[in-house]
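Enquirer: got a structure for you, letters missing:
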């Protein structure tokens, strides 16, 4: 040791170690891309905490963006795209489409289809809102995306994050991060995006239309629906089996009345764990070096376009449908926005906008019909795209 000090070797050794340490810090590897994505992560957390825009999604995704954009020296096996890292292993659930069906199981166990069963014509509103998916698909094709990539981008218009992740994992894994973040972002911004479109497309008279109270739905109908609905949808679109099967199975667990423990596990523990993991890993997948590209910006623009078209078509369909309905049976077109499958936020938007024009006209119970129809519709649309484009 004394000889090292005497010769200056120890100081050289120390300085070498210090330089090596500094090379491994985030400060030495940071780029403007990392800083931009960290700011986006902070914005997501702020929107989730301050304004409660889908906090169960935006807070995990926002923190995931922070995790995924801490700069590091390559080869440490800590990044989400480095094989064998913890984040990479957790991300397999996204890449291979494991999490979305489990989330659909929980959604089914939490969903009450009574509003839809009491007024089956509301199914059509949920179907009309899926026009946003195919509009974005055609837009993506026009912008030069490959057919499989366009199909994965189009599903953003269904406003269903798990469906978007499932389809993109099958059709365009390389675009999954941008597609997933876009889908969840617009789901969270439902209260911001939809009301101006709804007001623009409706008259004051239409906004105050009162709909008949939903009829009482029997237990037999509730138990039969997930079985018949599954068989009907699965035979038409077998490629949607992972999502549709889990959705209707979860609903059967809820409605049959003899599997309460399973229903509670599906609607609480399973869906919460999967939502947590999917949010964190999707956020982390926005690593600047892989995510911050011109194609990602285009995907975000197409996502906004698809969401606007979906809302527009849902409201427009209600207005057209009313031309064929007798007075007293008309549909308040404000519930047309809820045809997207952002459950239950889109239905709450319908109700809140309606209350602005009539403080006693509660539309929530009616809006839940097309809202849950949108969940089925987006899964069916995903199955159709998967069948044609895989």
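Expert: It's in. Just so you know, these numbers come straight off a predicted model, no measurement behind them.
Enquirer: Packing partners of the helix or strand hosting residue 23?
Expert: Following DSSP states H and E, one finds residue 23 within helix 9-24. Helix 9-24 sits against helix 2-7, with contacts defined as 3 or more CB pairs under 8 Å, 6 or more residues apart in numbering; DSSP states H and E. For glycine as for every other residue, the C-beta is placed from the backbone atoms N, C-alpha and C.
Enquirer: Can you read off the pLDDT for residue 252?
Expert: pLDDT recorded at residue 252 is 98.
Enquirer: Point me to the helix or strand that includes the closest residue in space to it that isn't next to it in sequence.
Expert: Leaving aside its sequence neighbours, residue 252 sits nearest to residue 226 (CB to CB, 6 or more residues apart in numbering; 4.2 Å). In this structure, residue 226 sits in helix 219-236 according to DSSP H and E.
Enquirer: what's the distance between that helix and the middle of its chain?
Expert: What separates the centre of helix 219-236 from the centre of its chain is 24 Å, taken as CA atoms, centre = their mean, to the nearest Å.
Enquirer: again with stretch 376-389
Expert: 15 Å.
Enquirer: And for stretch 318-333?
Expert: 30 Å.
Enquirer: What residues of it count as buried?
Expert: Across stretch 318-333, burial judged by 16 or more other CB atoms under 10 Å covers 318, 319, 321, 322, 330, 331, 332, 333.
Enquirer: what does stretch 99-114 give?
Expert: 99-111, 113-114.
Enquirer: Which of those fall in strands?
Expert: In strands, judged by DSSP state E, none of those are found.
Enquirer: Tell me, how many residues neighbour the residue nearest to residue 252?
Expert: Residues near residue 226, counting by other CB atoms under 10 Å, number 22.
Enquirer: try residue 74
Expert: 9.
Enquirer: same question, the one 5 residues further on
Expert: By other CB under 10 Å, 21 other residues sit near residue 79.
Enquirer: How about the contacts made by it?
Expert: Applying CB atoms under 8 Å, 6 or more residues apart in numbering, we find residue 79 in contact with 68, 72, 85, 87, 88, 287.
Enquirer: Buried only: go through those residues for me.
Expert: 68, 87, 88, 287.
Enquirer: Can you classify the third one by secondary structure?
Expert: Put plainly, it is residue 88. Classification of residue 88 by DSSP: H, G, I helix; E, B strand; the rest coil places it in helix.
Enquirer: and the buried residues of stretch 99-114, which two are the farthest apart?
Expert: 99 and 114 (27.9 Å; CB to CB).
Enquirer: taking the contacts of residue 79 as a set, which two sit the farthest apart in space?
Expert: Across these, the longest distance by CB to CB is 13.5 Å; it joins 72 and 88.
Enquirer: can you list contacts of the helix holding residue 226?
Expert: For helix 219-236, contacts defined as CB under 8 Å, 6+ apart pick out 108, 113-114, 117, 240-241, 244-245, 248-249, 251-252, 255-257, 376, 379-380.
Enquirer: Where helices are concerned, which of those residues count?
Expert: 108, 114, 117, 241, 244-245, 248-249, 251-252, 255, 376, 379-380 (DSSP state H).
Enquirer: What residues of stretch 154-168 count as buried?
Expert: 154-168.
Enquirer: can you tell me which helix or strand residue 328 belongs to?
Expert: Per DSSP H and E, residue 328 falls between elements, in no helix or strand.
Enquirer: so how many other residues sit close to the closest residue to it other than its chain neighbours?
Expert: Setting aside the residues directly before and after it, residue 328 is nearest to residue 212 in space (CB to CB, 6+ apart), at 7.3 Å. By other CB under 10 Å, 11 other residues sit near residue 212.
Enquirer: now swap in the one 3 residues further on and tell me
Expert: The tally of other residues near residue 215 (other CB under 10 Å) stands at 10.
Enquirer: got the contact list for the helix or strand hosting residue 163?
Expert: In the assignment (DSSP H and E), residue 163 maps to helix 161-171. Residues outside helix 161-171 that contact it (CB under 8 Å, 6+ apart) are 57, 94-97, 99-101, 103-104, 107, 148-149, 151-152, 155-156, 158, 175-176, 179-180, 182-184, 187, 242-243, 278, 282, 341, 378-379, 382, 385-386, 389-390.
Enquirer: Fine by me, thanks again.
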